[in-house]
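>>> Below are the sequence and a predicted model for it; my questions follow.
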Amino acid sequence: MTIANVIVDVPASSINQTFDYTIPERFRDILQPGMRVIVPFGPRKVMGYVVSLADESSFDKLKELADVLDLTPILTPELLDLGKWLAEETLSLYITAYQAMLPQVLKANYKKELERLRQDSLSSELEAFFAGRDFVPYEELDNGHVRFSKVQKAIQDGDITVHYLVKSRVTKKYVTYLEPAREPHLLEEALQDMSDRAKKQQQLLTFFIEQPQEIKLKTVMKKFNTTRATINTLISKGLLRSFRQEVYRNPYAQTQFDRTEPLELTSEQHEAIKPVLHRIRDHAHEVFLLHGVTGSGKTEIYLQTIQEVIDRGEEAIVLVPEISLTPQMVNRFKARFGSNVAVLHSGLSQGEKYDEWRRVQQNEVQVVVGARSAVFAPFENLGIIIIDEEHETSYKQEDQPRYHARDVAIHRGDYHHCPVVLGSATPALESYARAHKGVYNLQTLSKRTNDKAMPDVHVVDMREELHAGNRTMFSRHLKESMEQRISRGEQVVLLLNRRGYSTFVMCRECGHVRECPHCDIALTFHKHSNQLRCHYCSYEEPVPMYCPMCSSDLIRFFGTGTQRIEEALTQLMPEVRLLRMDVDTTQRKGAHEKLLNQFANQEADILLGTQMIAKGLDFENVTLVGVLTADSMLNLPDFRASEKTFQLLTQVSGRAGRHDLPGEVIVQTYTPDHYSIELASRYDYWQFYQQEMKMRKRFQYPPYMFLSLVTISHENHVTAIQTAQQIAKQLWKYVRQDTVILGPTPSPIARVKDRYRYQCMIKYKHEPELRALINKIIRQFADDMRKRDLQISVDMQPYQLM
Ligand SMILES: Nc1ncnc2c1ncn2[C@@H]1O[C@H](COP(=O)(O)OP(=O)(O)OP(=O)(O)O)[C@@H](O)[C@H]1O
Ligand SMILES: [Zn+2]
Ligand SMILES: [Zn+2]
């Protein structure tokens, strides 16, 4: 093959295609798809990914590619295909799709070195190339003294390695080992011949005659109190040899893991795991939805299916939300599978992430536990993909490429003919609807493994508190309950349910919240215009002076912070020990963990926090969970508001009374009759599902309709509006009759970084050509995008509507 088809690292829509380059003679026998190269592009040289090779090109006057950055492909053929699919599916650039799959270290063009790992056994050609050095700059390969294929082979054999220079050699760490270079009897002979004065050398040889295994150089030097020079003498005599081996920086190195054995499954677990194991054994793809109440043993099912996959020599990916990648969760996998697990999450340093990724790439582990992007782990024999808490919106990436990890997992599962397991106590409505229709295989765990009842949930009507003269944020019931528990030495978790930036308007007298007459969604208060506005249809009205329902003037703008609660609580109960956990107190690396440890060690009575405390935590001594404002999320302008409220309340209730002490949950709300609060307090997912599906049908939202969001932004207000109007007009012209284009309306955050933002929402049932259509429309604005800094972005599956 003489031509390479390359996706270049130039993030512009006009360049979203492969470019052809001729392959210089010296690279021909080593270049493979999935390697990175440097190519001339206009006046510059840029990085690119080789996606395929060819013998001819339809262009003439091709340029030569300038350099090859990898001697082994970093993208497998599967991932090359996946990137293409991902880009087309999410209307992103090919280059951004490939970049999303790789650790940061591989995205930039870092300087590289070749490094010899063995002191012997290099061919004379390579020996001459290294010329006595341990490190050689990668560029020296270019002077043609050694063939690339030779180097490639040596890398495969583990004699040489390539080394990325990410700020002073942090990418890899090595340990030097020493081992005998000859058979024991030959060492024995050498020992006889040795002069008596060479005491240390004699001791060393004797040692290796007795134990011929490799041993760390450092250990030997310490043990015999000897120097590197003495050892070098033995090496130069050909009696010993040294080699270096990579050690990975293991972020969990300090933690000791007590190995756990598989538990005897309950009959419910047994029924649920059976069909998954069948699929693993048959090598067949199927998507399972594992709907199990909190504490029903979903994780144990994950562990045992993974064991089956490992036993078959295959690999497993487990996705968990970033926020629940707590040591508690990671430990459960490490404790079962030990060093066979790599962990990928955002808390790791660049070097650590790269190390973990390489352990996957080099087939040194069979299990990856990680957040969203771990779905791209470069395994080649996947046996299962598991997504825990599958309803979590953090599985959707909110910048390019805007993908959902669930879709990627299912795509990969199909390719590898393996099952995909989606687990949750509160599945996403979309997932449950698919399971209900039979698209996914539904498995249900209805009981906790210890048969403990779910804790009782008390809904407190905060309007009544107000009428009774209690104007604090804590109901009488919650306050009494807290005092009682704390005096008994038990602990309390308090959740402040708050998300998003916008505030809503509510009557403190009757609980009435102003909603849009067309969308059944809370109107958002816009301070500078003193208006209430709907984010979906642009409906607007002035802020009322009196409540339209009860005429009270107790109209409030809502939005409370954890800090305010902390102050109020300290006034109310001055002697309690309080820990606050929110974005402010968890900024520093490890802060999250530290707070949780403090709480687990009972150094505080109350843990007060936002959403981040709701998941995966398991504290024996927690017997009371209080939700301060259950409705705050309900009134966000988001059609998923009820669903998110139901999910959060259910998750947080699952935190109480998991062990011997019985638990209680107190939910404070101004809208006790709202179905998501009422049904969450009864743990009735099925009723909730039916009720919510009715609402989605009535208002034409997913899963009944698909949504796509086009966002237009520009520094000039008029340009932004006009472009948005033109796009909407063109969309209307070509879409089907039952498709609806909403907007253009100002984006909920109408100006970000001095750019005005407008959006068009497309609601549709069936638009097979929609992606092509949007692409075509956007391309008409290519000039303005390049020259006038117009930005148009598309989200084919919007979650963040605010
Ligand atoms: N078959 C079993 N026999 C005994 N104990 C079990 C069994 N399966 C799981 N457990 C235990 O039950 C508890 C709850 O299980 P697990 O955490 O797996 O549930 P989960 O459904 O993942 O919960 P959550 O949704 O709250 O994360 C754990 O302490 C676990 O060790
Ligand atoms: Zn009112
Ligand atoms: Zn509206």
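Yes, it's here. Ligands and ions are numbered 1, 2, ... in the order given.
>>> Show the end-to-end separation of stretch 329-349, please.
With CA to CA, to the nearest Å as the measure, stretch 329-349 spans 20 Å from end to end.
>>> Now look at it and say if it contacts ligand 1.
No. For stretch 329-349, no contact with ligand 1 is found by CB under 6 Å from any ligand atom; the gap never falls below 7.7 Å. C-beta coordinates here come from the backbone N, C-alpha and C atoms, glycine included.
>>> Could I get the average pLDDT for that stretch?
Across stretch 329-349, pLDDT averages out at 86.
>>> How far does that stretch sit from its chain's centre?
Mean C-alpha position of stretch 329-349 versus that of the full chain (CA atoms, centre = their mean, to the nearest Å) differs by 14 Å.
>>> just stretch 7-24 next, same as before
With CA atoms, centre = their mean, you get 28 Å for stretch 7-24.
>>> heads up, I number from 886, so please use that
All right, first residue 886 from here; so that's stretch 892-909.
>>> Dump it to CSV, keeping only the CA atoms.
Listed next in CSV are the C-alpha coordinates belonging to stretch 892-909 (Å, rounded to 0.1, in the frame of the first residue of the first chain):
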residue,chain,number,x,y,z
ILE,A,892,-8.2,12.3,9.3
VAL,A,893,-6.3,15.5,10.2
ASP,A,894,-6.4,17.4,13.5
VAL,A,895,-8.0,20.5,12.2
PRO,A,896,-11.3,21.0,13.9
ALA,A,897,-13.3,22.7,11.2
SER,A,898,-16.4,21.4,9.4
SER,A,899,-15.0,22.2,6.0
ILE,A,900,-12.2,19.8,6.7
ASN,A,901,-14.3,16.9,8.0
GLN,A,902,-13.1,14.2,5.5
THR,A,903,-10.0,12.1,4.9
PHE,A,904,-7.0,13.4,3.1
ASP,A,905,-4.7,11.2,1.0
TYR,A,906,-0.9,11.2,1.5
THR,A,907,1.7,9.1,-0.1
ILE,A,908,3.7,6.9,2.2
PRO,A,909,7.4,7.3,2.0
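>>> Any buried residues in it, and which?
Using 16 or more other CB atoms under 10 Å as the test for burial, stretch 892-909 gives I892, V893, D894, V895, S898, I900, N901, T903, F904, D905, Y906, I908.
>>> and the two most separated of those residues?
Using CB to CB, the pair of these lying farthest apart is S898 and I908, separated by 27.5 Å.
>>> What ranges does the stretch 1236-1385 of the chain have for its helices?
Assigned by DSSP state H, counting those that start in this stretch, the stretch 1236-1385 of the chain shows helices spanning 1290-1301, 1314-1322, 1347-1352, 1361-1372.
>>> What are the contacting residues of the last one?
Counting contacts by CB atoms under 8 Å, 6 or more residues apart in numbering, the residues outside helix 1361-1372 that touch it are 1343, 1345, 1350, 1353, 1355, 1359, 1376-1377, 1457-1458, 1461, 1490-1491, 1508-1509, 1511, 1549, 1551, 1553.
>>> What subset of those residues is buried?
By 16+ other CB under 10 Å, those give 1343, 1345, 1350, 1359, 1376-1377, 1458, 1490-1491, 1508-1509, 1511, 1549, 1551, 1553 as buried.
>>> Now do the contacts for Y1586.
Per CB under 8 Å, 6+ apart, neighbours of Y1586: F1524, M1580, L1592, K1648.
>>> the domain parsing of this protein - what is it?
With automatic domain parsing as the criterion, the domains of the chain are listed as 888-992, 995-1053, 1153-1330, 1341-1384+1446-1581, 1388-1443, 1591-1680.
>>> can you redo the ones you listed as a markdown table with distance to F1092?
Shown next, in a markdown table, are these (distance: least, CB to CB, whole Å):
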| stretch | distance to F1092 |
| --- | --- |
| domain 888-992 | 37 |
| domain 995-1053 | 19 |
| domain 1153-1330 | 28 |
| domain 1341-1384+1446-1581 | 42 |
| domain 1388-1443 | 74 |
| domain 1591-1680 | 65 |
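>>> from the ones you listed, which stretch is densest packed?
Per-stretch averages of neighbours, counted by mean count of other CB atoms under 10 Å, single out domain 1153-1330 among the domains of the chain, with a mean of 21.
>>> Relative to E1185, how far out is the residue of the stretch 1186-1335 of the chain found nearest ligand 1?
Ligand 1 sits closest to T1334 of the stretch 1186-1335 of the chain, with a gap of 3.9 Å, by CB to the nearest ligand atom. As judged by CB to CB, to the nearest Å, T1334 and E1185 stand 8 Å apart.
>>> overlap in contacts of the two?
Taking CB under 8 Å, 6+ apart as the criterion, T1334 and E1185 both touch Q1154.
>>> mean confidence for the helix or strand where I1120 lies?
Taking DSSP states H and E as the definition, I1120 sits inside helix 1113-1121. Taken as a whole, helix 1113-1121 has a mean pLDDT of 84.
>>> One more: stretch 1030-1040?
According to the model, stretch 1030-1040 has a mean pLDDT of 80.
>>> residues in contact with stretch 1091-1100?
1062-1065, 1069, 1072-1073, 1076, 1105, 1108-1109, 1125, 1128.
>>> repeat that with 6 Å
For stretch 1091-1100, contacts defined as CB atoms under 6 Å, 6 or more residues apart in numbering pick out Y1062, L1063, E1064, P1065, P1069, L1072, E1073.
>>> what sits against the residue of the stretch 1436-1585 of the chain found nearest ligand 1?
Nearest residue of the stretch 1436-1585 of the chain to ligand 1: G1539, at 4.9 Å (CB to the nearest ligand atom). Residues in contact with G1539, defined by CB under 6 Å, 6+ apart, are T1179.
>>> Near ligand 2, which residues of this protein are found?
The chain has residues C1392, E1394, C1395, H1397, C1432, M1434, C1435, S1437 near ligand 2, with proximity defined as CB under 5 Å from the ion.
>>> Make CSV from the helices of the stretch 1236-1385 of the chain and add distance to ligand 1 and mean pLDDT to it.
Formatted as CSV, the helices of the stretch 1236-1385 of the chain follow (distance: least, CB to the nearest ligand atom, whole Å; pLDDT from 0 to 100):
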stretch, distance to ligand 1, mean pLDDT
helix 1290-1301, 18, 97
helix 1314-1322, 15, 96
helix 1347-1352, 28, 90
helix 1361-1372, 21, 93
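>>> T1608 is nearest to which of the ones you listed?
Smallest distance to T1608 across the helices of the stretch 1236-1385 of the chain (CB to CB): 29.1 Å, for helix 1290-1301.
>>> Quick one: list the elements packing against that closest one.
Other elements packing on helix 1290-1301 under the criterion 3 or more CB pairs under 6 Å, 6 or more residues apart in numbering; DSSP states H and E are strand 1267-1273, strand 1305-1309.
>>> before we move on, the earlier item: adding distance to ligand 3 as columns, could you present the domains of the chain in JSON lines?
Below are those laid out as JSON lines (distance: least, CB to the ion, whole Å):
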{"stretch": "domain 888-992", "distance to ligand 3": "26"}
{"stretch": "domain 995-1053", "distance to ligand 3": "49"}
{"stretch": "domain 1153-1330", "distance to ligand 3": "21"}
{"stretch": "domain 1341-1384+1446-1581", "distance to ligand 3": "8"}
{"stretch": "domain 1388-1443", "distance to ligand 3": "3"}
{"stretch": "domain 1591-1680", "distance to ligand 3": "9"}
